[in-house]
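>>> what's the 3D shape of this:
(one chain, ligands or ions: 2)
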Amino acid sequence: MNIDDFKRPLIISGPCSAESEQQVYETCKRLKDGGRVNVLRAGIWKPRTRPNSFEGVGAVGLPWLIKAGKELDLPVITEVANALHVEEALKAGFKNLWIGARSTVNPFTVQEIADSLRGVEGLTVMIKNPINPDLALWIGAFERFKMVGQNDLHAIHRGFSLHRKTKYRNEPMWEIPLAFKNEIPEAKMICDPSHIAGNRELLKPVSQKALDLVYDGLMIESHITPDEAWSDAAQQITPETLTELVNGLTIRSVESSNEEIEENLDSMRSEVNQVDAEIIQLIATRMGIIERIGDFKKDNSITILQPERWAEIQRLQTEKGNELGLSDSFILQYLEVIHQESIRRQTKIMNEG
Ligand code: PEP
Ligand code: MN
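Ligands and ions are numbered 1, 2, ... in the order given. Here you go, the predicted structure:
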């Protein structure tokens with residue numbers, strides 16, 4: 001499957017899990033009727049975090065999706081998590097495979113799957129981000145597939161699991177896929193709003209954000225009776241809702257062809273560059289003061305961290321931020337980064353000589 005054959009965004013949809021031949025076919029047929037889906041998905045083997053959840057119908061489900069794809073004239077994709085899955089999926093006729101988040105975390109698994117694809121031609125492989133926020137593991141998985149000669153590789157951003165609870169099932173941490181794209185610009189980036197959101201309400205805002213960050217496509221789970229789905233019920237939507245969701249997305253262009261618009265943008269961008277340069281200058285000035293304080297603390301045997309002082313900085317700056325319309329969480333994240341660098345510099349001073 002060549003993504004360039006599709007008009008951006010590529011839409012991949014289908015159930016989290018294949019449950020029966022009829023459920024797979026009906027989901028796919030209703031997706032096809034909506035006219036917005038380019039690729040059909042279904043999970044055959046389901047790697048679940050906890051045992052006793054539904055772990056997939058297994059190889060018996062492979063021909064269900066292959067058949068639906070043939071009858072509806074759409075490419076199909078499924079997940080493989082070991083060499084045996086690869087063997088069975090290829091035998092059944094799959095040309096498109098994805099690697100799940102629980103596989104990408106394990107280099108042994110990734111290598112096993114990659115080795116089983118050595119020399120296999122005409123494949124597309126999509127690699128989900130690892131469940132933990134580790135960019136290197138994701139890039140490493142890409143490299144392992146490249147090394148066995150698989151070149152039609154796509155990345156799927158499905159969010160990262162955090163210990164603390166947030167409004168997402170898996171925190172998007174948009175900076176990680178953007179960093180991925182910086183390292184491997186030729187990789188096509190697909191967003192999986194279903195596993196990021198974990199619910200139906202957030203599917204649309206997450207999808208829209210991905211498109212505005214120039215993602216190449218979306219993978220969204222759909223089910224004929226979402227509430228009764230055997231896995232991931234809370235985040236699945238009917239094929240008709242999927243069509244409506246995709247129709248409701250605004251697809252903006254990366255570049256404008258209008259000269260006046262470009263000029264206006266350029267002028268606002270140079271204002272931003274100016275302000276960014278001033279911010280960097282101020283941060284350098286702040287670090288200079290921090291180092292003077294570091295010398296002083298060292299001479300007087302005072303600890304680097306003074307918890308009340310750190311609390312005071314956070315209080316003062318969130319108050320100021322609030323006055324200026326900046327959110328607490330943004331100010332606190334910004335201060336955290338500044339504070340870490342300040343501590344690093346003072347630690348260096350303390351350890352000198
Ligand atoms: C899935 O796509 O159904 C799935 C299991 O996803 P992930 O690997 O992202 O958890
Ligand atoms: Mn799922």
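>>> contacts, neighbours, all on C-alpha from now
OK.
>>> pLDDT score for Lys165?
According to the prediction, Lys165 has pLDDT 85.
>>> which stretches of the stretch 101-250 of the chain form helices?
101-104, 107-116, 135-147, 175-183, 193-197, 203-212, 239-247 (DSSP state H, counting those that start in this stretch).
>>> helices or strands next to the fifth one in the packing?
Right, helix 193-197. Using 3 or more CA pairs under 8 Å, 6 or more residues apart in numbering; DSSP states H and E, the elements in contact with helix 193-197 are helix 203-212, strand 217-221.
>>> do you know which of the ones you listed lies nearest Asn264?
With CA to CA as the measure, helix 203-212 is the member of those nearest Asn264 (19.3 Å).
>>> got the contact list for the closest one?
Applying CA atoms under 8 Å, 6 or more residues apart in numbering, the contact partners of helix 203-212 are 9, 191, 193-194, 196-197, 217-218, 245, 249-252.
>>> burial of Cys16, as a residue count?
One way to gauge burial is a neighbour count; for Cys16, by other CA atoms under 10 Å, it gives 27.
>>> ok, and which of the helices and strands packed on helix 193-197 has the densest surroundings?
When you average the neighbours per residue for each of the helices and strands packed on helix 193-197 (mean count of other CA atoms under 10 Å), strand 217-221 leads with a mean of 26.
>>> That one: how far from the chain's middle?
Going by CA atoms, centre = their mean, to the nearest Å, the spacing between the C-alpha centre of strand 217-221 and its chain's C-alpha centre is 11 Å.
>>> and that strand, is it in reach of ligand 1?
No: with CA under 6 Å from any ligand atom as the threshold, strand 217-221 lies outside contact range of ligand 1, at a closest distance of 7.6 Å.
>>> Okay, buried residues for whatever helix or strand Ala311 lives in please.
Using DSSP states H and E, Ala311 falls within helix 307-323. Of all the residues in helix 307-323, those buried under the rule 16 or more other CA atoms under 10 Å are Gln314, Gln317, Thr318, Gly321.
>>> Quick check: closest non-adjacent residue to the second one.
The shortest distance from Gln317 to any residue other than its chain neighbours is 7.1 Å, reached at Ile331 (CA to CA, 6 or more residues apart in numbering).
>>> what's the answer for Asn322, then?
In space, and not counting its chain neighbours, Asn322 is closest to Asp328: 7.1 Å by CA to CA, 6+ apart.
>>> From Thr124, how far off is the residue positioned nearest the centre of the chain?
Centrality entry for the chain: nearest residue to the mean C-alpha point is His157, 2.1 Å, by CA atoms, centre = their mean. With the distance defined as CA to CA, to the nearest Å, His157 ends up 16 Å from Thr124.
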